[in-house]
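J.: quick one: sequence plus predicted model below, questions after.
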Amino acid sequence: MKKILLSILTIFIVSVSIFLYIKRDNFVYVGSVDIIDVDCSKKLQILSEVYESDQKIRKANDLIKHAKEDHRNQELVISIIEKCGIPTLNEVTQKEMTAIWLGLQHTTKKHRKKYFPQIEKAVKNGDLSKQQYALMKDRILMDEGKPQIYGSQIKDGKLYQLENPATVNERRKKMGMGTIEEYLKRFNIQFNPN
């Protein structure tokens, strides 16, 4: 019996090793998010390209394949904020403001938390939506292991822990979001407030 189990384990390890070797180009460590040189006079063009790239990556649903591109987008967004300041709708369009939000939403929890006050300010100024605020706030709370407020985060195929489930739709409505029930239908998840 031990020999059979050992043989199965060996076959499994060899199979996984072969698979990883064959697919090695798909697994990329992209490194830390660094501040890079950006031309502030070209931020509209840069952010437009970031937006298009981010949407292409998400539609392709192959984040491993596009890890370097996603990483580059995050570096561009953070570098623009650091070197040029966070733009406003007086300087860029809604699409480029959304690129800022996407870059931060898809970066590391450290960077999300660091730049969240600027996102809050952009929402107060009307440069970003309340819904974008809610999504990032929930993601940050999830990063910290705390219950989310607006019910936007799914983890392991389930709604991530939610604060005061009975009143979530009231909070969602204030943020311009549909009901939690409608939202969860997209993920084939039934809402159970208990």
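T.: That came through, no problem.
J.: going forward, measure contacts between C-alpha atoms and count neighbours the same way
T.: OK.
J.: not counting residues beside it along the chain, what's closest to residue 151?
T.: Counting by C-alpha to C-alpha, 6 or more residues apart in numbering, the nearest residue to residue 151 once its immediate chain neighbours are dropped is residue 162, at 6.2 Å.
J.: tell me how far the one you found lies from residue 112.
T.: Using C-alpha to C-alpha, to the nearest Å, one obtains 20 Å as the distance from residue 162 to residue 112.
J.: ok, now residue 33?
T.: Applying C-alpha to C-alpha, the value for residue 33 to residue 112 is 12 Å.
J.: and if you look at residue 175?
T.: Taking C-alpha to C-alpha as the measure, residue 175 and residue 112 are separated by 20 Å.
J.: between those two, tell me which one has more neighbours.
T.: The residue with the greater number of neighbours, taking residue 175 and residue 112 and applying other C-alpha atoms under 10 Å, is residue 112; the counts read 21 against 17.
J.: which of the helices or strands spans the nearest residue to that one once chain neighbours are set aside?
T.: Spatial nearest neighbour of residue 112, excluding adjacent residues (C-alpha to C-alpha, 6+ apart): residue 104 at 5.5 Å. When secondary structure is defined using DSSP states H and E, the element that contains residue 104 is helix 94-105.
J.: quick check: the residue positioned nearest the centre of the chain vs residue 6, distance?
T.: Within the chain, the residue whose C-alpha comes closest to the C-alpha centroid is residue 106; the distance, by C-alpha atoms, centre = their mean, is 3.0 Å. From residue 106 over to residue 6 the distance is 42 Å, taken as C-alpha to C-alpha.
J.: can I see the domain layout of this protein?
T.: Segmentation of the chain into domains, based on automatic domain parsing, reads 36-128, 130-194.
J.: so residue 100 touches residue 77, yeah?
T.: Yes: counting by C-alpha atoms under 8 Å, residue 100 sits close enough to residue 77 to count as a contact (5.7 Å).
J.: any common contacting residues for those two?
T.: Shared between the contact lists of residue 100 and residue 77 (criterion: C-alpha atoms under 8 Å, 6 or more residues apart in numbering) are residues residue 47.
J.: wait, residue 112 touches residue 140, no?
T.: Yes: in this structure, residue 112 sits in contact with residue 140. The criterion is C-alpha under 8 Å, and the distance is 7.0 Å.
J.: quick one: residues contacting residue 161.
T.: For residue 161, the contact set (C-alpha under 8 Å, 6+ apart) comprises 146, 147, 148.
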